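# Requesting a structural model of the entry that follows:
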Amino acid sequence: MRQLKFHEQKLLKKVDLLDWKGTSTQKEQMATSKYLLEDRETYVKYNLIVGKIRRLTLALAKLNDNEPTKQIIAKELTNRLYTLGLIGSKTLLECAKVGVGSFCKRRLSSILPAIEMVPDIKTSMAFIKGGHVKVGVDTVTDPALIITRSMEDYITWRDGSKVKETISAFNEDK
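Presented below is the predicted three-dimensional model:
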């Protein structure tokens, strides 16, 4: 390939010809719009993790049932995925069903509507970015935080938050 001229270099300075961001699938677009993912890279990361989980599950399924390594690894995998809240029961069959949607459902922005703190994901994104939500004792401003089953019980409004004050004033009037 020939050397680029000066004006060509200037035009292509911010273009990466090796990593194309324009390639997206219909599933990716649906997940991005449904769960309000901020960028494509988040979907790609979740998809890579899901691929690794599925490959590991398939490899474990091919092993003999009475092999000790299969039992140890399968138990560890199912325990971790169950604790994260990605699967409903601790079986290898459930591990094979993990998808990008499973990860998106465990994001803080998706958990808030599920526990009925806010009506929808868009509102939860605004409240999280505004610093109105805390998990445990820490105020969280990242809507992409993955919430485990045990962390779910500790999601509350931040002390001194206008939203918390408005809700408590409304509940007192009732």
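# Specify the helix with the largest residue count in this structure.
In the chain, assigned by DSSP state H, the helix with the most residues is helix 40-62.
# For the residue nearest to residue 49 when sequence neighbours are not counted, what is the enclosing helix or strand?
Among residues not flanking residue 49 along the chain, residue 103 sits closest, at 7.1 Å (C-beta to C-beta, 6 or more residues apart in numbering). (Each C-beta comes from the backbone N, C-alpha and C, glycine too.) Here residue 103 sits within helix 100-105, counting by DSSP states H and E.
# Contacts for whichever helix or strand comes after that helix next, please.
Next helix or strand after helix 100-105 toward the C-terminus (DSSP H and E): helix 108-114. Residues outside helix 108-114 that contact it (C-beta atoms under 8 Å, 6 or more residues apart in numbering) are 35-36, 104-105, 118-121, 123-125, 127-128, 133, 135, 140, 142-147, 152, 155.
# ok so, going back, check the offset of the longest helix of the chain from the chain's centre.
How far helix 40-62 lies from its chain's middle: 14 Å, per C-alpha atoms, centre = their mean, to the nearest Å.
# So which of the contacts of helix 108-114 are in helices?
Residues of the contacts of helix 108-114 located in helices (DSSP H): 104, 105, 121, 123, 124, 125, 127, 128.
# which of those tops the neighbour count?
Neighbour tally across the ones in helices among the contacts of helix 108-114 (other C-beta atoms under 10 Å): the maximum, 24 neighbours, falls on residue 124.
# Just the strands from this protein, written as ranges.
Using DSSP state E, the strands found in the chain span residues 133-135, 138-139, 155-157.
# Out of these, which is the most enclosed?
With neighbours taken as mean count of other C-beta atoms under 10 Å, these reach their highest mean count in strand 133-135, at a mean of 20.
# who does it touch, helix- and strand-wise?
helix 108-114, strand 155-157 (3 or more C-beta pairs under 8 Å, 6 or more residues apart in numbering; DSSP states H and E).
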